[in-house]
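> With the sequence up front, the predicted model follows.
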Amino acid sequence: MRTLILTLILLVCAVVSLFVGVADISIVDIFHWDAEKLALISISRIPRTAALILAGVGMSISGVIMQQMTQNKFVAPTTAGTLEAAKMGLLIFLIFIPTAGAALKMLFAFLFTFIASLIFLAIVRKIRYRNVVFVPLVGLMFGGIIGSISTFFAVRMNIVQDTNAWMMGDFSGILQGRYELIYLSLPAIIITYLYANKFTVVGMGEDFSRNLGLNYRAIMNIGLFCVSLTVSAVVITAGAIPFLGLIVPNVVSLLFGDNLKKTLPLVALSGAIFLLLCDIAGRIVIYPYEVPIGVTVSIIGAIIFLILIIRKR
Amino acid sequence: MKGIKKNFLITVLLLLAAVTLYLFYNMGSNWEFALRLRGVKVAAIIVVSCCVAYSSVAFQTLTNNRILTPSIMGFESVYLLIQTLIVFMYGDLTFQVLSGWGNFLLSVLGMIGFAFLLYILIYKKGKDNLYLLLLVGIILGTLFNSLSSFMQLLIDPSDYFIVQGKMFATFNKINRDLLWPSAGVLAVLLVVGFRTAKYLDVLALGRDQAINLGLNYNRMVQLFLVIIAILVSVSTALVGPITFLGLLVTNLTYELFKTHRHDVVIAACCLVTAVTLLSGQFVMERLFHLSIPVSAIINLVGGLYFMFLLLRVRKL
């Protein structure tokens, strides 16, 4: 029932997202078969809406996996250095082999995120004092360090402002032919859905999951693989979108509980809805210009997250 | 204790050597000019070193770990936001509109105000969880960073270099008028800081033990948080942000001086920081020919060292 309602909301948001923009397009134009406007829709509007939905679903699902694997509600791509690692991969690619193709770019970003996630998990396992807030603090420090290494190279190449611009989460540059990499997150999302329960078990610890007959290492690696694939695909197509993986799962778990099989579809749908709404808001606020989605999500996300952690105790 | 004395002596000698090398290396014909220029930098390095050393050591004791530094709490984000906002509003007129003093005061007050608001917010809610305070600080910092990046997107690329100049700490354009007042503030705080260093020894035992030993835990933590906020703000406003310097030097100090007496550790850490900064500055000037900010080098080295530490230790 809830799933159905959320799906309906998502559909409405998606349709609104299709018809918001500088060029004035209304549903009537589709029925009139206005060729110019249809072209606009298929080149710009549909890719943008699709990318938003995929990014919203992907980032919030990644958040859920990371939270399950570390058994910590405050771990997400933003607080585990994952976003910073993807940035670093992209930066290194752009500095050393800028002319190579998009597939290689994806590979770079993916490898960096994957390695960073491995390191982060290794660090988390060492933390003896399992304060809920301490783990994300360490993750944020970790991210800061990765960031400082990237900054070193960016300064050397004199591209600090450009990197800044590339990394700012923004869907306005999404056009047909330039965003398809984001579909790579689709298999990751499906795998996550199938493995959801196993990630929870793995989060309970190595011994516990062995006891239940699970291959701990394999499941852990599958989880990291999915997260890295999704995050790097989103960062490459749209830039960094902070907080999404953090707040969507937390709000959903506050409202609907923690049974992953039941809540995972809700997390996915809410993530997409949240991102679509933020994007629509960003497009309307200073119309005909746009506020990048990185900014809108970060403002709304930071406020929600602060409310969450201050109320929690 | 004997080993500590020896190490202390060695560090002092190292610092003297570093200062001498920095001041007199390749002076050229106009030695008076060179000496005055370099003297100011050395003075600024010493002021910043003491600020960073005291605030980092005290902060790590309060939070009971060696892997955090106070600057991640959002101070630097506030600083960058203020600097970006100024350039965003005035563009290349920035320097005409706002004097060095004005900018300094604005930044210091902004950062201290931010810290106090944060402290009041958390303590008023009756939540004396320091980690919570940090997390809220970092989240606000991330928010400020997003706002700064958004404005930086819109700034004219040539004006952007004003902002970029502020993003990295540098000792090359120290404002002499600001150096002495900063040193004054630092001196006062250091006197207070050293007299209260013994309480840090007790706080290091942890909250419960400290209360058990008769310390007013919350009052003490608040006192140190205030000192830390002022020190970080002054040093950041004076030269700019060096996020991972504190991390690098505190861990180096604990490696070299295996003691937990805070008066010793803090004094030693000031020396280690000054040596680190001086050598960083020297390398930057002679090897990289000023092409890269000293803070970028130190953040790189500090970051890599930190990763090494994290991966090497068994337990955190």
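The structure has been received and is ready for your questions.

> Would you list the phi and psi of A:Met168?
phi -60, psi 120 (degrees, to the nearest 10).

> To what extent is it buried, counted in neighbours?
Residues lying near A:Met168 (other C-beta atoms under 10 Å in any protein chain shown) number 21. In short, each C-beta sits where N, CA and C put it, glycine included.

> and the residue most central in space within chain B, which of the three is it?
In chain B, the C-alpha nearest the mean C-alpha coordinate belongs to B:Val52, at 3.6 Å (C-alpha atoms, centre = their mean). Assigned with DSSP: H, G, I helix; E, B strand; the rest coil, B:Val52 falls in the helix class.

> Surely it is in contact with B:Ser235?
Yes - using C-beta atoms under 8 Å, B:Val52 makes contact with B:Ser235 at a distance of 6.0 Å.

> Helices of the chain, start to end?
I went with chain A, as the question did not name one. Per DSSP state H, chain A carries helices over the ranges A:2-19, A:27-32, A:35-40, A:46-70, A:82-96, A:102-126, A:134-157, A:160-167, A:185-203, A:206-211, A:216-238, A:244-256, A:260-285, A:293-312.

> wait, I meant chain B there
Along chain B, the segments classed as helices by DSSP H run B:2-24, B:31-63, B:75-90, B:94-97, B:100-124, B:130-154, B:157-167, B:176-195, B:197-203, B:207-212, B:217-239, B:245-256, B:262-286, B:294-312.

> okay, the helices of chain A, which one's buried deepest?
Stretch with highest mean neighbour count among the helices of chain A: helix A:46-70 (a mean of 26; mean count of other C-beta atoms under 10 Å in any protein chain shown).

> per-residue confidence averaged over it?
Helix A:46-70 shows a mean pLDDT of 92.

> With adjacent residues omitted, what lies nearest to A:Val135?
Spatially, and ignoring its direct neighbours in sequence, A:Val135 is nearest to A:Asn72 (4.8 Å; C-beta to C-beta, 6 or more residues apart in numbering or on different chains).

> And B:Asn145, by the same measure?
B:Ser77 (5.1 Å).

> what's the neighbour count on the one you found?
B:Ser77: 25 neighbours (other C-beta under 10 Å).

> again, but for B:Val301
Neighbours of B:Val301 under the rule other C-beta under 10 Å: 18.

> Near chain A, which residues of the stretch 51-200 of chain B are found?
Contact residues, the stretch 51-200 of chain B versus chain A (C-beta under 8 Å from any C-beta of the partner chain): B:65, B:67-68, B:72, B:125, B:127, B:129, B:131-132, B:134-136, B:138-140, B:142-143, B:146-147, B:149-150, B:152-153, B:157, B:160, B:164, B:167-168.

> redo that, cut-off 7 Å
B:67-68, B:72, B:125, B:127, B:131-132, B:134-136, B:138-140, B:142-143, B:146-147, B:149-150, B:152-153, B:157, B:160, B:164 (C-beta under 7 Å from any C-beta of the partner chain).

> Return the residues in contact with residue 71.
As the question left the chain open, I've gone with chain A. A:Gly203 (C-beta atoms under 7 Å, 6 or more residues apart in numbering or on different chains).

> You answered for a different chain; I wanted chain B.
Listed by C-beta under 7 Å, 6+ apart, the contact set of B:Ser71 reads B:Val232, B:Pro241, B:Thr243, B:Gly246.

> What of A:Ile123?
With C-beta under 7 Å, 6+ apart, A:Ile123 has these contacts: A:Val138, A:Phe142, B:Leu310.

> again with B:Val202
By C-beta under 7 Å, 6+ apart, B:Val202 lies in contact with B:Ala210, B:Leu213, B:Leu215.

> how about a cut-off of 10 Å?
Counting by C-beta atoms under 10 Å, 6 or more residues apart in numbering or on different chains, B:Val202 makes contact with B:Thr61, B:Gln209, B:Ala210, B:Ile211, B:Asn212, B:Leu213, B:Gly214, B:Leu215, B:Tyr217, B:Met220, B:His262.

> near chain B, which residues of the stretch 201-313 of chain A show up?
A:240, A:242-243, A:246, A:289, A:291-292, A:294-299, A:301-303, A:305-306, A:309-313 (C-beta under 10 Å from any C-beta of the partner chain).

> For the stretch 201-316 of chain B, what lies in contact range of chain A?
B:242-244, B:247, B:288, B:291-293, B:295-307, B:310-311, B:313-316.

> Narrow those to those that are buried.
Buried members of those, scored by 16 or more other C-beta atoms under 10 Å in any protein chain shown, are B:242-244, B:247, B:292-293, B:295-303, B:305-307, B:310, B:316.

> and B:Met280, how many neighbours does it have?
Check again: residue B:280 is Gly, not Met. Using other C-beta under 10 Å, B:Gly280 has 23 other residues around it.

> actually B:Leu277, not the one I wrote
Using other C-beta under 10 Å, the number of residues around B:Leu277 comes to 28.

> same check, this time on the one 10 residues further on
The number of residues packed around B:Leu287, counting by other C-beta under 10 Å, is 10.

> For it, give me its contacts.
By C-beta under 10 Å, 6+ apart, the residues touching B:Leu287 are B:Ile297.

> Give me the pLDDT for it.
Note on B:Leu287: pLDDT of 85.

> can you give me phi and psi for it?
According to degrees, to the nearest 10, B:Leu287 has phi -90, psi -50.

> low pLDDT regions in the stretch 1-150 of chain A?
Scanning the stretch 1-150 of chain A for pLDDT under 70 picks out A:129-130.

> Mean pLDDT lowest where, among the helices of chain B?
helix B:94-97 (a mean of 76).

> which other residues reach it?
Contacts for helix B:94-97 (C-beta under 10 Å, 6+ apart): B:Gln83, B:Ile86, B:Val87, B:Phe88, B:Met89, B:Tyr90, B:Gly91, B:Asn103, B:Asp159, B:Ile162, B:Val163, B:Lys166.

> Quick check: the third one touching B:Met167?
No - here B:Val87 does not reach B:Met167: they are 11.1 Å apart, not a contact under C-beta atoms under 10 Å.

> residues contacting the residue nearest to A:Tyr183 when sequence neighbours are not counted?
Nearest residue to A:Tyr183, sequence neighbours excluded (C-beta to C-beta, 6+ apart): A:Leu54, at 7.0 Å. Residues in contact with A:Leu54, defined by C-beta under 10 Å, 6+ apart, are A:179, A:182-186, A:189, A:230, A:233-234, A:237-238, A:272, A:275.

> mind putting those in a markdown table, distance to A:Ile149 and pLDDT included?
Shown next, in a markdown table, are the contacts of A:Leu54 (distance: C-beta to C-beta, whole Å; pLDDT from 0 to 100):
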| residue | distance to A:Ile149 | pLDDT |
| --- | --- | --- |
| A:Tyr179 | 28 | 84 |
| A:Ile182 | 26 | 87 |
| A:Tyr183 | 30 | 90 |
| A:Leu184 | 26 | 88 |
| A:Ser185 | 26 | 89 |
| A:Leu186 | 31 | 91 |
| A:Ile189 | 30 | 89 |
| A:Thr230 | 23 | 93 |
| A:Ala233 | 22 | 91 |
| A:Val234 | 22 | 92 |
| A:Thr237 | 24 | 89 |
| A:Ala238 | 23 | 88 |
| A:Ala272 | 33 | 95 |
| A:Leu275 | 29 | 94 |
